[in-house]
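Participant: Sequence plus predicted model, see below.
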Amino acid sequence: MTDVFVYTTPDDERSQPLIEALIEEYEGRYGNYFGEPARNELSRYPASYFAQPDGAFLLLLRDGKTIGGGAFKRYDERTAELKRIWTHADLRKQGLARKVVYELEAQASRQGYSRIYLTTGFRQPEATQLYLRSGYTALFDVDVDPEIYGHLAFEKDISHLGIDGGLPIVDKLSKTTTQAA
């Protein structure tokens, strides 16, 4: 069993399991609560937003199969915004989402960002816990019913990072496995 990170784009066919599973997950949790189908939310930003130098799109592959992933895009000059954090439903509670988040933080730092911002939905308590346990500061009152906010915002200072994510990365150009630099 080999896990590797691959930096690619949302247009990569290996990204489709992530995108389709997110659509299903969002539709199951929210239905039409936000007034639009989940597919609209996931296609709101063009793939170029998740490309370097301003963004990144990451897949976590296990033996060639997509089991997790996420992305970030530029929020402002010093801030990257995390998007699309996902792990395969059958593989949750194994720390994979945390590995994805940490790798995205490390990559954001390598790309010159010093802060991370993100939002998650109020019907995703496991995501809320992931971010709180990963050192994020809630930009909302955690003691209030989260539904009043709709979207729950978090931030994290990453100016101290200079670390790698710890898993091998497949360079999309050379197709070789390397450690994050």
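Facilitator: Looks like it came in fine. The structure displayed is predicted, hence computed values, not measured ones.
Participant: Please list the outside residues in contact with stretch 19-28.
Facilitator: Applying C-beta atoms under 8 Å, 6 or more residues apart in numbering, the external contacts of stretch 19-28 come out as 10, 37, 38, 39, 41, 42, 84, 86, 88, 89, 121. In this view, the C-beta of every residue, glycine as well, is placed from N, C-alpha and C.
Participant: again, but for stretch 142-158
Facilitator: Applying C-beta under 8 Å, 6+ apart, the contact partners of stretch 142-158 are 34, 105, 108-109, 113-123, 125, 128, 131-132, 134-140.
Participant: Which ones among the residues you listed lie within strands?
Facilitator: 115, 116, 117, 118, 119, 120, 121, 137, 138 (DSSP state E).
Participant: What subset of these is buried?
Facilitator: Neighbour counting by 16 or more other C-beta atoms under 10 Å classes 115, 116, 117, 118, 119, 120, 121 among the ones in strands among the contacts of stretch 142-158 as buried.
Participant: Make JSON lines from those and add distance to residue 6 and pLDDT to it.
Facilitator: JSON lines is the format used below for these (distance: C-beta to C-beta, whole Å; pLDDT from 0 to 100):
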{"residue": "115", "distance to residue 6": "25", "pLDDT": "98"}
{"residue": "116", "distance to residue 6": "21", "pLDDT": "98"}
{"residue": "117", "distance to residue 6": "24", "pLDDT": "98"}
{"residue": "118", "distance to residue 6": "21", "pLDDT": "98"}
{"residue": "119", "distance to residue 6": "25", "pLDDT": "96"}
{"residue": "120", "distance to residue 6": "24", "pLDDT": "95"}
{"residue": "121", "distance to residue 6": "26", "pLDDT": "91"}
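Participant: before we move on, back to that, ok, the contacts of stretch 19-28 vs residue 96, which is closest?
Facilitator: Closest approach to residue 96 among the contacts of stretch 19-28 (C-beta to C-beta): residue 88, at 7.9 Å.
Participant: re the thing from before, ok, of the contacts of stretch 19-28, which one's closest to residue 48?
Facilitator: Nearest member of these to residue 48, counting by C-beta to C-beta, is residue 10, at 9.7 Å.
Participant: I'd guess that closest one is in a helix, am I close?
Facilitator: No - applying DSSP: H, G, I helix; E, B strand; the rest coil, one finds residue 10 to be coil, outside a helix.
Participant: Determine the number of other residues adjacent to it.
Facilitator: 23 (other C-beta atoms under 10 Å).
Participant: pretty sure it is in contact with residue 57, am I right?
Facilitator: Yes - using C-beta atoms under 8 Å, residue 10 is in contact with residue 57, at 5.7 Å.
Participant: Identify the contacts common to those two.
Facilitator: Taking C-beta under 8 Å, 6+ apart as the contact rule, residue 10 and residue 57 both touch 47, 50, 71.
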